[in-house]
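J.: Next comes the sequence, and after it the predicted model I'd like to discuss.
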Amino acid sequence: MQNPVLFGFILLYLAFTIAIAWWASRRVKSTADFVVAGKSLPLFMASCALFATWFGSETVMGASSEFVQNGVLGIIEDPFGAALCLLLAGLLIARPLYNRNLLTFSDFYRQRFNKTSEIVSAVVMVPSYFSWIAAQLVALAIILQSVSGLDRSWGVLICTSMVLFYTYIGGMWSVTVTDFVQTIVIIVGLVILTVVMLMRVGGFGKMVEAAPPNFFQFLPEAKPVPMIHWFAAWMTIGLGSLPQQDVFQRVMAARDLRTSLRACYISSGMYLTVAAMPLIIAFCGRILYPDALAGDTQMMLPRMVQQHFGIGMQVVFFGALLSAVLSTCSGALLAPATVIGENLIKPLYKDLTDKQLLRIMRLSLVGVAIVTGAMAAMRNDIYELVGESSAFSLVSLFVPLIAGLYWKRASSMGAVLSMLVGLGAWFVAMWLLPDEEALAQMPDASVWLHIPAMLYGLGASFVAMWAGSMIWPRRQEGKADAAENYA
């Protein structure tokens with residue numbers, strides 16, 4: 001074992017997390033408790049829960065790796081896009097949806113459109129989480145491997161089992177209470193390490209002076225291809241994660257609408273501020289310890305802390321890292337299981353009790369954990385896994401959500417076509433478009449070949465929504481119910 005003291009601390013921390021989740025699980029009496037924590041969270045807990053939605057492996061390990069290699073332009077997707085999504089959740093989603101009696105986004109599609117829209121959205125939404133959850137499990141396995149030498153496959157199995165257990169028993173209550181504790185650990189740990197690294201490098205000014213030319217450039221070149229990729233990076237999480245169930249559950253879990261709105265805005269600011277710290281730490285590490293860049297750059301921060309810091313700082317860093325990944329993974333695991341139970345299985349039974357539905361959701365958690373654990377055992381790239389997840393929902397669910405909320409002429413046929421055509425166009429574009437390596441060998445390639453596949457999918461989704469709603473408008477007999485739901 002590489003570091004038995006640190007490994008012992010990690011085991012204690014994991015046991016502490018399970019104990020907190022077990023305590024929180026006593027509040028779970030119904031599906032509403034399990035899914036949205038009974039809609040009773042105060043501002044500080046709701047803000048921490050929203051902040052923790054994506055502050056996980058991609059932010060601490062994936063984004064820091066991208067930042068060190070590509071500068072600010074490499075991290076538009078996260079943290080900037082993620083902070084934008086939390087802001088837009090308050091501006092666009094919380095107010096029109098909070099007072100509806102909803103457990104999932106697919107419930108909204110049923111109310112606003114019809115049952116077909118509900119089922120199609122659920123079928124699309126569930127697999128969109130698989131890559132995201134797998135990314136968090138990969139990160140947890142990497143942490144265990146770096147401190148104990150444990151094979152990554154065993155790490156995935158252990159981490160999947162642990163997160164499944166405490167999410168299974170407590171649902172959203174376990175997620176939010178542990179998120180609150182873990183957010184404190186994240187902030188304290190990252191603040192300490194950031195201050196230490198800046199002192200070692202000689203201050204913030206010295207760090208900036210050591211940067212290569214254009215490293216901190218925020219805007220791309222004023223050319224079509226760089227501009228297209230820049231906007232696409234903003235959209236990936238900024239728009240793509242808006243119709244995601246984990247965001248919805250946290251927005252709905254606040255105790256009232258005002259709390260929900262304020263939590264969205266506070267968490268957006270928290271995300272952007274706190275996410276800057278691992279970037280600073282990574283860049284200081286690049287200056288001070290260039291040897292840490294060798295090999296897998298996702299491992300840069302764990303490797304640097306282990307090689308150049310004492311056990312106290314290692315405990316601080318790995319405590320923050322574990323907290324970040326666990327908080328994201330638990331909420332992400334709960335989201336698709338909720339949709340499976342509420343929108344895919346519940347409609348099959350007429351007299352399903354709340355207790356039976358709760359049991360179905362818990363069993364769905366087990367199924368999701370098995371699938372994502374298998375994916376994590378076969379994949380290693382955290383940043384790519386996360387990007388796949390957000391692009392999936394962007395091309396299929398974003399347009400029907402916004403049209404359903406803000407366009408009265410949006411019809412059920414338009415919604416279904418938007419989901420299916422957008423997803424299909426994305427798959428076709430990924431199949432037909434050359435990859436980055438091939439494009440690098442095609443200096444005269446058309447701009448159209450440089451457009452990311454997800455933008456083709458998003459464009460197709462918009463067109464299908466408009467065409468479907470114009471050709472097959474809302475039927476007369478459904479207008480009264482639809483207007484009531486829309487209000």
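T.: That came through, no problem.
J.: For the stretch 251-400 of the chain, which segments count as strands?
T.: Remark: strands of the stretch 251-400 of the chain are absent; assignment by DSSP state E, counting those that start in this stretch.
J.: which residues touch residue 458?
T.: Counting by CB atoms under 8 Å, 6 or more residues apart in numbering, residue 458 touches 235, 394, 395, 398, 399, 422. Using the backbone N, CA and C atoms, a C-beta is placed for each residue, glycine as well.
J.: Narrow those residues to those in helices?
T.: 235, 394, 398, 399, 422 (DSSP state H).
J.: Against residue 232, how distant is the fourth one?
T.: If you measure residue 399 against residue 232 using CB to CB, to the nearest Å, the figure is 16 Å.
J.: Show me which of the two is the more surrounded one.
T.: Taking neighbours as other CB atoms under 10 Å, residue 399 and residue 232 compare with residue 399 leading, 29 against 20.
J.: For the more buried one, which non-adjacent residue is closest in space?
T.: With CB to CB, 6 or more residues apart in numbering as the criterion, residue 399 has its nearest non-adjacent residue at 4.3 Å, and that residue is residue 461.
J.: residue ranges with poor pLDDT in the stretch 51-200 of the chain?
T.: Scanning the stretch 51-200 of the chain for pLDDT under 70 picks out the ranges 57.
J.: just the helices in it please.
T.: Listed in chain order, the helices of the stretch 51-200 of the chain (DSSP state H, counting those that start in this stretch) span 57, 63-70, 82-88, 95-97, 105-112, 115-128, 130-148, 152-201.
J.: starting at the chain centroid, how far to the helix or strand following the longest one?
T.: It refers to helix 152-201. Helices and strands here follow DSSP states H and E; after helix 152-201, the next one along the chain is helix 204-209. Helix 204-209 sits 31 Å away from the centroid of its parent chain (CA atoms, centre = their mean, to the nearest Å).
J.: residues in contact with residue 307?
T.: 289, 291, 292.
J.: which of those count as buried?
T.: Among the contacts of residue 307, the ones that count as buried by 16 or more other CB atoms under 10 Å are 289, 292.
J.: Out of the contacts of residue 307, which one has the weakest pLDDT?
T.: Lowest pLDDT of the contacts of residue 307: residue 292, 73.
J.: tell me, what residue is most central in the chain?
T.: When the chain is reduced to its mean C-alpha position, the nearest residue by CA atoms, centre = their mean turns out to be residue 54, at 4.1 Å.
J.: Now that residue. Nearest residue, chain neighbours left out?
T.: Nearest one to residue 54, counting by CB to CB, 6+ apart, is residue 82 at 4.8 Å.
J.: again with residue 76
T.: Among residues not flanking residue 76 along the chain, residue 233 sits closest, at 3.8 Å (CB to CB, 6+ apart).
J.: Tell me who's in contact with the one you found.
T.: By CB under 8 Å, 6+ apart, the residues touching residue 233 are 76, 77, 81.
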